[in-house]
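Enquirer: Sequence and predicted structure are below.
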Amino acid sequence: MAVSDVEPEVDSADPAVQLVAYLDYYRGAVERKLRGLTADQLHGSPLPSGWTPLELLAHLVHMERRWFVWGFLADPVPDPWGDHADGVDGGRWHVPDGVGLDDLLERLHAGGERTTDILTTTPLYARGALGGRFTAEPAPTLAWIGFHVLQEYARHAGHLDVARELIDGATGE
């Protein structure tokens, strides 16, 4: 997948088209921030909180799937909190042994394709199905979920900006 470093200039009044474009852009920004780091840099933390760049990537992979697949669609997923060490919301982020950058990036982009399909085939006013992440009415709308996931990507891409600058001085989106 080609990763663009140019912010989308989508000429569309359709919020779903805008969401898809910006989610793709931020997935690319995350990938750009991670490419070029050594294994030690991916697994080490320059921050007092201790999270690593690879752990943040695992979080994004699981986060998007939690909201769109397990959440909106209520499709079962084997490990919805697999990015958390204790397997529940609120646990410290972690990456299972043997899982590396390329695997997580492949999963990130595959999840993005699934998200794109959902956003382009379902009205944004549709509410999430019950039975997965959501067990009580009213479940959030697809629009709310889409904007929530977008803000997660934007916030965490900013975290990676800071981490990358501390690691090797690289700056920018």
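Expert: That came through, no problem. Numbering: from 1, shown residues only.

Enquirer: Assign the spatially most central residue of the chain to helix, strand or coil.
Expert: Central residue of the chain (C-alpha atoms, centre = their mean): Leu60, 3.1 Å from the mean position. Under the three-state scheme (DSSP: H, G, I helix; E, B strand; the rest coil), Leu60 adopts helix.

Enquirer: what's the distance between it and Leu160?
Expert: 10 Å (C-beta to C-beta, to the nearest Å). C-beta: built from backbone N, CA, C; applies to glycine.

Enquirer: any residues in contact with both of those two?
Expert: Listed as contacting both Leu60 and Leu160 by C-beta atoms under 8 Å, 6 or more residues apart in numbering are Val30.

Enquirer: for this protein, which spans come out with low pLDDT?
Expert: 1-5, 173 (pLDDT under 70).

Enquirer: which residues touch the residue lying farthest from the centre of it?
Expert: Distance from the C-alpha centroid of the chain, by C-alpha atoms, centre = their mean, peaks at Glu137 (25.4 Å). Taking C-beta under 8 Å, 6+ apart, we find Glu137 in contact with Leu130.

Enquirer: Look up phi and psi at it.
Expert: Per-residue torsions, Glu137: phi -70, psi 150 (degrees, to the nearest 10).

Enquirer: Tell me where this structure has strands.
Expert: With DSSP state E as the criterion, the chain has no strands.

Enquirer: Quick one: the helices in it, in order.
Expert: 15-34, 39-43, 53-65, 101-121, 142-168 (DSSP state H).

Enquirer: In the longest one, which residues are buried?
Expert: So that's helix 142-168. 142-147, 149-150, 152-153, 156-157, 159-161, 163-164, 167 (16 or more other C-beta atoms under 10 Å).

Enquirer: Figure out how far it is from the centre of its chain.
Expert: Relative to the chain's own centre, helix 142-168 is displaced by 8 Å; criterion: C-alpha atoms, centre = their mean, to the nearest Å.

Enquirer: Check the second one too.
Expert: Helix 39-43 has its C-alpha centroid displaced from the chain centroid by 20 Å (C-alpha atoms, centre = their mean).

Enquirer: what helices or strands is that helix leaning on?
Expert: If you count contacts as 3 or more C-beta pairs under 8 Å, 6 or more residues apart in numbering; DSSP states H and E, helix 39-43 packs onto helix 53-65.
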